[in-house]
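Enquirer: Kindly return the folded structure for what I paste below:
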Amino acid sequence: MNEGLNGIELTQLIMQDRSGIAVLVMSGTEGAEVLATASGFAFLSKPLLPAALFGRIQELLADRIPVQSEKNIDERQKRTG
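Expert: Below is the predicted model of the structure:
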């Protein structure tokens with residue numbers, strides 16, 4: 001990490017070039033949730049269970065990954081033989 005920057009500041013810097021990335025801030029530090037949500041980032045508190053992490057990632061990516069319908073899959077399979 002860049003010296004003098006916390007994780008949220010570094011993420012804000014990265015998002016200047018890559019504004020479409022999904023960000024999930026994970027922290028066990030008191031007050032981190034307030035900073036993360038004020039910056040528009042999703043937050044998950046540590047300690048956490050793997051199922052909670054997986055669920056939160058699914059939520060974040062749900063809007064970003066187009067759902068493949070069976071019709072689209074069938075059409076793609078026909079084209080590729």
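Enquirer: is it true that residue 18 lies in a helix?
Expert: No - counting by DSSP: H, G, I helix; E, B strand; the rest coil, residue 18 is not part of a helix but coil.
Enquirer: for it, what are its contacts?
Expert: The contact partners of residue 18, taken as C-beta atoms under 8 Å, 6 or more residues apart in numbering, number zero. No exception for glycine: its C-beta is placed from N, CA and C like everyone else's.
Enquirer: other SSEs contacting the longest helix belonging to the chain?
Expert: For the chain, the helix with the greatest residue count under DSSP state H is helix 50-62. For helix 50-62, the elements it packs on are strand 24-27, strand 42-45, judged by 3 or more C-beta pairs under 8 Å, 6 or more residues apart in numbering; DSSP states H and E.
Enquirer: Find the residue ranges of this structure scoring beneath the pLDDT cut-off.
Expert: 1-2, 65-81 (pLDDT under 70).
Enquirer: what about residue 33, neighbour count?
Expert: Per other C-beta atoms under 10 Å, the neighbour tally for residue 33 reads 15.
Enquirer: That one: which element?
Expert: helix 32-38 (DSSP states H and E).
Enquirer: next one: residue 3
Expert: Judged by DSSP H and E, residue 3 forms part of no helix or strand.
Enquirer: In contact with it, which residues are there?
Expert: No residues are in contact with residue 3 under the rule C-beta under 8 Å, 6+ apart.
Enquirer: any idea how far it is from residue 10?
Expert: Distance of residue 3 to residue 10, given as C-beta to C-beta, to the nearest Å: 11 Å.
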